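Engineer: need a structure here:
(4 chains)
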2 protein chains.
Amino acid sequence: MPRRKAEQKQKTRDRILDAAEALFAQRGFEGVSVRQIMRKADADVSLAYYHFESKQDLFDQVMLRRADTLNSLRLEALEAVERDHTDDAPTVEEIIGAFTNPLLDLLASEHEEWKHYFQLIAQINSSTEWGGELMTRYFDPLVSRFIEALRKALPDCSEEDLFWSYHFLSGTLTLTFAETGRIDNLSGGVCRSSDMQSIAERMPAFLAAGFRALAQRR
Amino acid sequence: MPRRKAEQKQKTRDRILDAAEALFAQRGFEGVSVRQIMRKADADVSLAYYHFESKQDLFDQVMLRRADTLNSLRLEALEAVERDHTDDAPTVEEIIGAFTNPLLDLLASEHEEWKHYFQLIAQINSSTEWGGELMTRYFDPLVSRFIEALRKALPDCSEEDLFWSYHFLSGTLTLTFAETGRIDNLSGGVCRSSDMQSIAERMPAFLAAGFRALAQRR
DNA sequence: GGTCTTTTTCAACGATCGTTGAATATTAGT
DNA sequence: ACTAATATTCAACGATCGTTGAAAAAGACC
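Structural biologist: Numbers count the residues shown, from 1 in each chain, chains lettered A, B, ... in the order given. Purely as a prediction, here's the structure:
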């Protein structure tokens, strides 16, 4: 097994993925050309087709690259919370925290990379064209696991209310972590999209209250 | 003033706008070509450039066409709620209802047209590239008016909490009304994106509880 | 050093892109 | 009916698109 060469190849591949991730996040799949991606990656156009099958495949690999990391961290966080509750069930806040805290941690450690990734997810999640298959394939299994935990935390909540609550959460989450800057404009600088501290303090409380409101509905 | 001809022109213009709206909603600005739009509108390519300055202008006019209608209906609903409270302030639920009910009504009366429009808004709202200017220009003034009403309903709420609460609401709203079908997949058919009745019953309660949770935070 | 395999570059393909100017069809005003 | 104005079509432009095959460069193995 050649070492130097395989390493170099992986490095090039990652450079292409990074460039693609940033540009796709900014302008969407159709808004970016392979040529622009490779220019940003400082490599020849056709090199993209040596490392990837097609533009579509390149996009899929961008999505896949971080999906496993994210899913693992979230699952780990959920299991840690459950481990602390051997007899009783974790609270809604704790479960939502396990779902959102990994995102906050990742943004704190490697901000730019994950910011682009979350922007990409936000776009896909609110698109009818792409969202369906992609989100279902890579994220729904873990989401079902979280909903299962929430079901135990809210035993009186109906299935419909549970799914709708998660759906509302999903919209809040994807928009917030996309850091679109919308709130910066609207608030005239009072709030900043990138202020993860403020988000961590507020989002779980806001969403948990919503879950409880629907669960206690008659 | 010529009547028949001006009418025909307006009809053609609307046909182009309808086709563009549907396709932009489905695949985004860059994902659709002017030729595809005009094929769907059953008209020649260059006719697009007789009615509109450019592809970008066509997109802007698609956005503008329904913005005024939507803003007016929302403002009217808010003022109706305020009229019913001469001495005390409206509740958070009522204000949120005035913000969301017009969307439900429009979807009930002209479902397809407005569905495409809301899908378009959802895409723009969660995009860093386009969202900034467009949303700020056409919707933020009215949003500020709603936040003002919410401030009166929650006099103890800090400014930051108020803006963050609205931001969370905004994510929930745009995703939900885009009818992406995500919840249909996730729930295995228990919930349907197009079930406006279920949304009307749940969303205001969910969001109002969130607002109150942040307002009562110490 | 020479050979083989792997990585990168060069040059080009047909298709489609947004846009335009001139020609044609349709309607308005007289 | 004739003319002027408006609405629509035809034909084409240069640019860029995603993608490919063959040549060149670089590292691995003997």
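Engineer: Just confirm residue A:90 contacts residue A:149, I think it does.
Structural biologist: Yes: judged on C-beta atoms under 8 Å, residue A:90 makes contact with residue A:149 at a distance of 6.8 Å. Every C-beta, even on glycine, is put in place using the N, C-alpha and C of the backbone.
Engineer: Show me whatever sits in contact with both of the two.
Structural biologist: Common neighbours of residue A:90 and residue A:149 are listed as residue A:82 (criterion: C-beta atoms under 8 Å, 6 or more residues apart in numbering or on different chains).
Engineer: what sits against residue A:216?
Structural biologist: residue A:156.
Engineer: ditto for residue A:191
Structural biologist: A:183, A:184, A:198, B:160, B:163, B:164, B:167 are the contacts of residue A:191 under C-beta under 8 Å, 6+ apart.
Engineer: what's the answer for residue A:89, then?
Structural biologist: Residue A:89 neighbours (C-beta under 8 Å, 6+ apart): A:149, A:152, A:153.
Engineer: Please apply the same query to residue A:204.
Structural biologist: A:93, A:96, A:97, A:100.
Engineer: Okay, and it sits in which element?
Structural biologist: Assigned by DSSP states H and E, residue A:204 falls within helix A:196-215.
Engineer: Only the buried residues of that helix, if you could.
Structural biologist: Neighbour counts over helix A:196-215 (16 or more other C-beta atoms under 10 Å in any protein chain shown) mark A:196, A:198-200, A:202-215 as buried.
Engineer: now do stretch A:35-51
Structural biologist: A:37, A:38, A:40, A:41, A:43, A:48, A:51.
Engineer: pLDDT weak spots in chain A?
Structural biologist: Chain A contains residues with pLDDT under 70 at A:1-5, A:131, A:218.
Engineer: do stretch A:38-56 and chain B meet?
Structural biologist: No: Stretch A:38-56 stays clear of chain B (C-beta under 8 Å from any C-beta of the partner chain), getting no nearer than 12.6 Å.
Engineer: In PDB, list the C-alpha atoms belonging to that stretch.
Structural biologist: Coordinates of each C-alpha in stretch A:38-56 appear next as PDB, following Å, rounded to 0.1, in the frame of the first residue of the first chain:
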ATOM      1  CA  MET A  38     -12.400  23.400  -9.200                       C
ATOM      2  CA  ARG A  39     -11.200  26.900  -9.600                       C
ATOM      3  CA  LYS A  40     -11.700  27.500  -5.800                       C
ATOM      4  CA  ALA A  41     -10.100  24.100  -5.100                       C
ATOM      5  CA  ASP A  42      -7.200  25.200  -7.300                       C
ATOM      6  CA  ALA A  43      -7.300  22.200  -9.500                       C
ATOM      7  CA  ASP A  44      -8.100  21.200 -13.100                       C
ATOM      8  CA  VAL A  45     -11.800  20.700 -14.100                       C
ATOM      9  CA  SER A  46     -11.500  17.100 -15.200                       C
ATOM     10  CA  LEU A  47      -9.900  16.200 -11.900                       C
ATOM     11  CA  ALA A  48     -13.400  16.400 -10.400                       C
ATOM     12  CA  TYR A  49     -14.300  13.500 -12.700                       C
ATOM     13  CA  TYR A  50     -11.400  11.400 -11.600                       C
ATOM     14  CA  HIS A  51     -12.300  11.700  -7.900                       C
ATOM     15  CA  PHE A  52     -16.100  11.700  -8.400                       C
ATOM     16  CA  GLU A  53     -18.500  10.200 -10.800                       C
ATOM     17  CA  SER A  54     -20.500  13.300 -11.600                       C
ATOM     18  CA  LYS A  55     -21.500  16.700 -10.200                       C
ATOM     19  CA  GLN A  56     -24.400  14.900  -8.500                       C
END
